[in-house]
Structure formats: C-alpha cells, structure tokens
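# Any chance you could fold what I've pasted below:
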Amino acid sequence: MDTTLTLLDLCGAVALLLWGIHMVQTGVQRALGPHLRRLLGVALGNRVKALAAGLGVTALLQSSTATGLMVASFAGAGLVAVVPALAVMLGANIGTTLIVQVLSFDVARVAPVLVLVGVILFRRGADPRTRDIGRAAIGLGLMLMALARLVEVITPYEDVPALRVLLGAVATDRLIALMLGAVLTWAAHSSVAIVLLVMSFTQAGVLPLEAGMALVLGANLGSALNPVLEGSREGEAAGRRVALGNLVTRALGCAVALPCLGLIGPLLVTWQPDLSRAVADFHTAFNLALALVFLPLLGPFSGLLRRLVPEKIDAHDPGRPIHLDEAALETPPVALGAAGREALRMADVLAEMMSGAGEALTGGDRTRVAQIRRMDDTLDRLNAAIKAYLVRLDPESLSEDDERRIATLLAFTTNLEHAGDILSRNVMTHAAKRLKRGLTFSAEGKAEVGALLARLSANLSAAGAAFLTEDPRAARRLADEKAVFRDLEARATEAHFRRLREAGPGPGPAEATALYPDLVRDLKRVNDHLVAGAAYPILESRGALRSSRLEAP
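As a prediction, this is how the structure comes out:
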C-alpha cells in the first residue's frame, strides 16, 4: 500500500511538472508569440543570426518543438531557405538547455513568490499580456514545487522497490536508457521535463550518472522526433527537410556520444561533483558541440537533404504553381509578371468551375458537385502560393508601381478565391438540394440560369483582361456590371413570386421554390467579387473609382 501511494505521489509530481511547463509555454506564446515569430523572420538572413534567434526564442518558449514547427512552416511556405532554418534548430536545441541550467541550482525557495506574483498579475492585470506573463510565472513556480516534491519522494529509494527494479534495468544498458528517454520525451512533448526528471533521479542517487546521461541523449533525440512524425508526408519538401535535418544531427550526435559516456562521466564528475548540475552541464555541452560541428557544414548537409527529400513534382496537380520562378525574385518586375500569370491560372480554374456549375444546376450529374468543390481547393492552394511568393520580394527593391501592382494582384487573387468559395459552398449546396429533392427547372428557368452563368463567364473574361492590361475603360465597363446584376436580381425576385402564384399548391418547378432567389443572389455575389478584384483597384489607382460608383444607377 505504501509503495502504491508513493508511486501515485511520484506520478502526481511529474504531472505537476508537465502542467507547469505547459503554463510557461502557453503564457509566453500568448504574451510574446507574434513578436517571437517576427524575430525569427527577421533573423533568418544568415546562419549565425538564425542560430542566435533560435536560441533566444526557445529560451523563452521552453519548447524546441514549437520553434521547430514555426520555422518548418516558414520553410514550407518558401519564406526561408533550408540552411538558416537548420541553424535556427541548432540554436533552439541550445535554448532548451538554459532553463535546465537555471533549475539545476537550489531555487525552490522562490517558488511561492513566483506563484504569488503570477496570481496577482493574472487576477489583477487589465492588459491580456500582463495576465499571460502572470500565467507563465505561475507555471514556473509550479515547476519548482514539482521538482522539490520529486526529490522528497524518491530520496527514500529503498521504500520504492518497483521503481528500483525499473530504473535498475535502465541503469544496466545505455541503449535501453537512450530509447526510454526518447520515447518518454516524444510522449511528453517536452525534453525539458524529462531532463529535469533525470536530474532529480540522479541527485537522489536513484540513477547513476552514466544512465542519466544516456537518458538525456534520448531526451534530445525524442524532441526531434515530434516534428518528423507529426508533420505531413505530403507537405512542402522544405519543411520536411528541416525536421529531418534536425533529427539526423541529433541522431549522429547520440551515436558518437553514447559509446563515450564511460569516459565522459568521470571527467564530468571531476569538474562538477554535484550530479544534478553535472547532468545539466552534459545536456548543454552536447547541444553546444552539435552546433559547433554542424553550423559550418549546413551547406553541404542541406544538399544531402535535398537529395533525400526531393520536391514532389506532380504534373497533373492543378493546385501546384508553375510560373512562380524562384530566380525571378531578384527582379521584382519579372517576379510580378510571374505572379500575374499564376493569377490568370486561378481565373481559368474559376471559369471551369462556372462551366461545371451550369451542368450541376440544370443537369443530373451528381459528381459535378464534388468536382467543383475540389477545384475550390485548387484555387485556395494557388492563392496561398502567390501570396507566399509575393511576401518574399525585398521591400527595399520595390518601386511605387511595384507596390501598387502587388496590391492589385492580392485584390484580384483574394476575390477570385472568395468567388470560388461562393460557388463551392453556396451554389453547389443549391445544386445538391435540387438533385436530392428531384427538382427540375422549367425551360424558362433553365434559360435564365444559363444566361446568368454566361454573363458571369463573360465578366470573368473581362476581369482577366482588365487585370492584365490595367485599362481604366475596361475596368469601368466591368464596374457597370454590378448595376446590371442588381437589376437581374430584382427581376428574378419578381419572376419568383409570379411562378409561385402560377404553380399553386403542391410541388412545382425548381425556380418556384426558395432555391431560385437564393441562387440568383449568390451568383450576384460572385459577380461582386469579380468587380471588386479587377475593376475597383484599377479605378482607385487612377482616381476614377468615386466617379464610377456615382455614375452607377
């Protein structure tokens, strides 16, 4: 019974430690997250700055996994090359050791003060950032309390035979200790927690120093597993290279260090007799050594990763950009031309969606609904790729005309994406309802729906032409179509009530239900986005937008 209670006490202290780390991470992320992300983005110009930024951000977040996922997303979006991204991860690995170094000293006495200050900030702070900092202070206090409790629980080691059997097996085999440390860190998503546990066990004499160092190596390996295992295999190759590169560097470091623990241990004890501090120093020294060895080698290492994780080129993938040339980024006018060509591909996809919408609304092919929704995903992906490409342009190399063209591009692609969303989510919902209820349009209704879609297709072509030429005359003609569609919507509403009266009680044609006016309104919204995306930016840039809106009836 005593053994069970002791193990429960031990598990509770571990849970409190994990919860404290979680509170520190979430508090710092909420308070400083955007600033940390901006710091990473600014510092990714060269590998030394990137390493320093990774160290600083991770020291605050206390999560190399969070930093890794952040920089992998940058790399996957094409915002950073693989070399500085790997340098960030080397710095992040060092950053996780700093809190371990601080907590290796006897600082448990300040735990109540931290909790008290944190509660005051959390309860009394009017600013959300102040409350988040209070949350982080509470978490740090809980971590210190949990570590103090762990030492109290595991000091009478003889009273915990089950724990002695388990850790005795770990102490006899370095490889088992490394694997256990990796699995525990992967499960806990925190190398800090596992290293702090190992420090407590080593300080209490439960684990010999050599086994503790092997567990620390496993903790370093396990923290690199999360981005690799949790990242999508179908994601961008650059992001997967960063995650894999971080895992490979740590695995190589563990492979070199593990056989040498018998030599490292005695030297470390001679230099640092305090076993808890010795574990913390080994943890820091291991990651510093990795950074010193691999930082100069990141160039050829990134080349190896490119061969191991090649770009997945799918010639039949319509959502993959084909005009966004990386080399063109050095010349903004050329890059903007490439982005414009990709934007016109979005217009082509939207035109295909409009054609399929007509068949789905008036025909009987149910597969058209699913096809159009898949094409909307293509629009989303192309839009995201164009935005990521434009973000990578150097702001200092852009002229006023370049900046105006970027604004026009973003307005065009964003509105095309919104138009696709309406076709996919709204218009196709109407089509699905019609098919499910077995409704059909009358000859007159089919003609009206066909005419509306034909006019939309013509306006889409006009929008593409206006976007390409930036001719204010073409933009003004397109802007006038907004008033035309208002009139069409009014006439459709009038016709709807006329058909309701003619149909009388009982089921009638599809246009005699509420489906028809909703459909016309959604098609009008699609037209509004075409006008907003292609006509208004051109007219506004030439001071003609106000007069065009005033002239419209």
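# how deep is residue 436 tucked in, by neighbour count?
Neighbour count for residue 436, taken as other Cβ atoms under 10 Å: 9. For every residue, glycine as well, the C-beta is placed using N, CA and C.
# mind listing what it touches?
Contacts for residue 436 (Cβ atoms under 8 Å, 6 or more residues apart in numbering) come out as none.
# Which element, helix or strand, includes it?
helix 428-437 (DSSP states H and E).
# quick one: low-confidence parts of the stretch 301-450 of the chain?
Across the stretch 301-450 of the chain, residues meeting the criterion (pLDDT under 70) sit at 311-317, 327-328, 330, 364-365, 396, 439-443, 445.
# And for the stretch 1-150 of the chain?
For the stretch 1-150 of the chain (pLDDT under 70), the answer is 1-7, 10, 25, 29-45, 61-63, 65-66, 68-70, 72-80, 106-108, 150.
# what are the ranges of the helices in it?
2-42, 47-61, 64-76, 82-103, 111-124, 128-154 (DSSP state H, counting those that start in this stretch).
# Could you do the stretch 251-400 of the chain as well?
According to DSSP H, counting those that start in this stretch, the stretch 251-400 of the chain carries its helices in the segments 261-271, 275-294, 298-308, 332-362, 367-391, 400-421.
# Which secondary structure elements does whichever strand or helix holds residue 448 sit against?
For residue 448, the element it lies in under DSSP H and E is helix 443-469. Helices and strands touching helix 443-469, by 3 or more Cβ pairs under 8 Å, 6 or more residues apart in numbering; DSSP states H and E, are helix 332-362, helix 400-421, helix 472-503, helix 515-530.
# that older thread, need the helices of the stretch 1-150 of the chain in a markdown table (columns: mean neighbour count).
Shown next, in a markdown table, are these (neighbours: other Cβ atoms under 10 Å):
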| stretch | mean neighbour count |
| --- | --- |
| helix 2-42 | 17 |
| helix 47-61 | 23 |
| helix 64-76 | 24 |
| helix 82-103 | 25 |
| helix 111-124 | 16 |
| helix 128-154 | 21 |
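# Which of the helices of the stretch 251-400 of the chain sits closest to residue 476?
helix 400-421 (15.7 Å; Cβ to Cβ).
# Just want the angle from that closest one to helix 332-362.
20 degrees (axes from the mean of the first three to the mean of the last three Cα atoms, to 10 degrees).
# what's the offset of helix 400-421 from the middle of its chain?
23 Å (Cα atoms, centre = their mean, to the nearest Å).
# rewinding a little: so which of the helices of the stretch 251-400 of the chain comes closest to residue 206?
Taking the helices of the stretch 251-400 of the chain one by one with Cβ to Cβ, helix 275-294 is closest: 10.7 Å.
# List the buried residues of the closest one.
275-284, 286-287, 290-291, 294 (16 or more other Cβ atoms under 10 Å).
# what's stretch 286-294 in contact with?
With Cβ under 8 Å, 6+ apart, stretch 286-294 has contacts from 51, 86, 90-91, 93-94, 96-97, 216-217, 220, 249-250, 253, 257, 301.
# repeat that for 6 Å
Around stretch 286-294, the neighbours that count as contacts under Cβ atoms under 6 Å, 6 or more residues apart in numbering are 90, 93-94, 97, 249, 253.
# now, the most widely separated pair of these?
Among the contacts of stretch 286-294, 97 and 249 lie farthest apart (Cβ to Cβ), at 15.2 Å.
# Would you format the helices and strands packed on helix 443-469 as JSON lines with mean neighbour count and distance to residue 389 included?
Formatted as JSON lines, those follow (neighbours: other Cβ atoms under 10 Å; distance: least, Cβ to Cβ, whole Å):
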{"stretch": "helix 332-362", "mean neighbour count": "20", "distance to residue 389": "6"}
{"stretch": "helix 400-421", "mean neighbour count": "19", "distance to residue 389": "10"}
{"stretch": "helix 472-503", "mean neighbour count": "16", "distance to residue 389": "25"}
{"stretch": "helix 515-530", "mean neighbour count": "21", "distance to residue 389": "22"}
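# Please name the residues that touch residue 475.
466, 535, 538-539.
# nope, residue 196 is what I meant
Neighbours of residue 196 in contact, by Cβ under 6 Å, 6+ apart: none.
# any idea which element it lies in?
Going by DSSP H and E, residue 196 is part of helix 191-203.
# Dump the C-alpha coordinates for that helix into PDB.
Output in PDB follows, covering the C-alpha atoms of helix 191-203 (Å, rounded to 0.1, in the frame of the first residue of the first chain):
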ATOM      1  CA  SER A 191      12.700  17.400 -23.400                       C
ATOM      2  CA  VAL A 192      12.900  19.900 -20.500                       C
ATOM      3  CA  ALA A 193      10.600  17.800 -18.300                       C
ATOM      4  CA  ILE A 194      12.500  14.600 -19.000                       C
ATOM      5  CA  VAL A 195      15.900  16.200 -18.400                       C
ATOM      6  CA  LEU A 196      14.600  17.700 -15.100                       C
ATOM      7  CA  LEU A 197      13.300  14.300 -14.000                       C
ATOM      8  CA  VAL A 198      16.600  12.700 -14.800                       C
ATOM      9  CA  MET A 199      18.400  15.400 -12.800                       C
ATOM     10  CA  SER A 200      16.100  14.700  -9.800                       C
ATOM     11  CA  PHE A 201      16.700  11.000 -10.000                       C
ATOM     12  CA  THR A 202      20.400  11.400 -10.400                       C
ATOM     13  CA  GLN A 203      20.600  13.800  -7.500                       C
END
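# Not counting whichever helix or strand comes after that helix itself, show me its contacts.
Per DSSP H and E, the first helix or strand lying C-terminal to helix 191-203 is helix 209-230. Outside helix 209-230, the residues that touch it by Cβ under 6 Å, 6+ apart are 64-65, 68-69, 170-171, 174, 177-178, 181-182, 185-186, 191, 194-195, 198, 202, 243, 246-247, 250, 254, 257, 261, 265, 275, 279, 282-283.
# same check, this time on stretch 337-348
321, 323-325, 328, 379, 382, 386, 389-390, 409, 412-413, 416, 464.
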